[in-house]
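Colleague: Would you be able to build a 3D model of this:
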Amino acid sequence: MEQKILLLGNPVLYEVSTPVAKSDIPQLVPVIQDLHDTLMAFRKKYHAGRAIAAPQIGIKKRILYMCIDKPVIFLNPVLEPVSKETMEVMDDCMSFPNLLVKVLRYKKCKITYRDLQWQKQEMLLEGDVSELLQHEYDHLDGILATMRAMDPRSFYLKETY
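Modeller: Numbering: from 1, shown residues only. Prediction:
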């Protein structure tokens, strides 16, 4: 079921999420469905949105949901850069849908996570998918793109950009 997306300023967005335990998996089915439905509703309304973090709908668990070609569920992800090379990007967020923030992100990362069968998975990320998952991963640690702005002049309203 579509859930309300928490907006910039909501204190829950600044909290660190707790790890998922293997025993939590049966209770995660409706959460994963809510993440999917919320992402699809946002996509329909704003014509954007490729991934969502559980804290954005008030679930303080380390869960990311990405749907580009097919759904991918990341439980307890660990993200690490594979090189120090960065890129400047205009970051947007479902928690502040009309704002863009200029940030630096790593060009290449590796994400290690558990899937819904509790199997360990690993994915190498480059370019826009690397940027996307860095953004979502930050949500798990209570970090918003606004906190990573390159400088005080790195904020743009979408309609003026």
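
Colleague: Find the residue closest to L124 in space, skipping its chain neighbours.
Modeller: By the measure of C-beta to C-beta, 6 or more residues apart in numbering, the closest residue to L124 outside its immediate chain neighbours is K110, 5.6 Å from it. Yep, even glycine has a C-beta here, placed from its N, CA and C like the rest.

Colleague: so what's the one you found scoring on pLDDT?
Modeller: Note on K110: pLDDT of 98.

Colleague: Kindly report the same for the one 5 residues further on.
Modeller: The predicted local distance difference test score for D115 is 97.

Colleague: which ones are touching it?
Modeller: 73, 75, 121 (C-beta atoms under 8 Å, 6 or more residues apart in numbering).

Colleague: Restricted to buried residues, select the residues you listed in ChimeraX.
Modeller: Per 16 or more other C-beta atoms under 10 Å, the buried members of those correspond to this ChimeraX selection:
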select :73,75
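
Colleague: Can you flag which of the contacts of D115 belong to strands?
Modeller: 73, 75, 121 (DSSP state E).

Colleague: picking that back up, just checking, the residue nearest to L124 touches E122?
Modeller: Yes. The criterion here is C-beta atoms under 8 Å, and K110 meets it with E122 at 6.5 Å.

Colleague: Looking at the two, which one has more neighbours?
Modeller: K110 (14 against 9; other C-beta atoms under 10 Å).

Colleague: what's near enough to touch the more buried one?
Modeller: 79-82, 122-125.

Colleague: what helix or strand does it sit in?
Modeller: strand 108-114 (DSSP states H and E).

Colleague: Just give me the residue closest to the centre of the protein.
Modeller: In the chain, the centroid-proximal residue (C-alpha atoms, centre = their mean) is E136; its distance is 1.8 Å.

Colleague: got the CA coordinates for the biggest helix by length in the chain in CSV?
Modeller: The single longest helix within the chain, with elements called by DSSP state H, is helix 25-46. The C-alpha coordinates for helix 25-46 follow below in CSV (Å, rounded to 0.1, in the frame of the first residue of the first chain):
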residue,chain,number,x,y,z
ILE,A,25,12.1,-11.4,7.0
PRO,A,26,8.5,-12.8,7.3
GLN,A,27,7.3,-9.4,8.6
LEU,A,28,9.1,-7.6,5.7
VAL,A,29,6.8,-8.7,2.9
PRO,A,30,4.3,-5.9,3.5
VAL,A,31,7.1,-3.4,4.0
ILE,A,32,8.6,-4.3,0.7
GLN,A,33,5.2,-4.0,-1.0
ASP,A,34,4.7,-0.6,0.6
LEU,A,35,8.1,0.5,-0.6
HIS,A,36,7.2,-0.7,-4.1
ASP,A,37,3.8,0.9,-4.1
THR,A,38,5.1,4.2,-2.7
LEU,A,39,7.9,4.4,-5.3
MET,A,40,5.5,3.6,-8.2
ALA,A,41,3.0,6.3,-7.0
PHE,A,42,5.8,8.8,-6.7
ARG,A,43,7.1,7.9,-10.2
LYS,A,44,3.6,8.3,-11.6
LYS,A,45,3.1,11.7,-10.0
TYR,A,46,6.6,13.2,-10.6
